[in-house]
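Q: Sequence unavailable; structure follows:
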């Protein structure tokens, strides 16, 4: 299965990396590695993430980083639609927000 990122998810990943860059460049590399690893995990097991009640979306933690992947399985692709910080209200996780 392929993994694709929406433009919004890419923007959020870049913003998170920029926030980490102000602290430590190694943290940026670790975040990017964790993101790539999570994407590879979801490609192999797309239903691994927890279903977000009342939606077709799932969430997958980017531990140890305080971010989530919000994604949807469409056909033969996993679409990562958001990468919110865990402190964001779940109502803000909508891919349309």
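A: Sure thing, it's come through. This structure is a prediction, so every number in the text was calculated from the model and none was measured.
Q: helices or strands next to the helix or strand harbouring residue 29 in the packing?
A: Secondary-structure assignment from DSSP states H and E places residue 29 in helix 25-44. Helix 25-44 makes packing contacts with strand 2-5, helix 7-21, strand 58-61, strand 68-74, strand 77-82 when contacts are defined by 3 or more C-beta pairs under 8 Å, 6 or more residues apart in numbering; DSSP states H and E. In short, each C-beta sits where N, CA and C put it, glycine included.
Q: For burial, what's the neighbour tally of residue 64?
A: When neighbours are defined as other C-beta atoms under 10 Å, residue 64 has 8 of them.
Q: Quick check: it vs residue 30, distance?
A: The spacing between residue 64 and residue 30, counted by C-beta to C-beta, to the nearest Å, is 8 Å.
Q: before we move on, what about residue 72?
A: As defined by C-beta to C-beta, residue 72 lies at a distance of 26 Å from residue 30.
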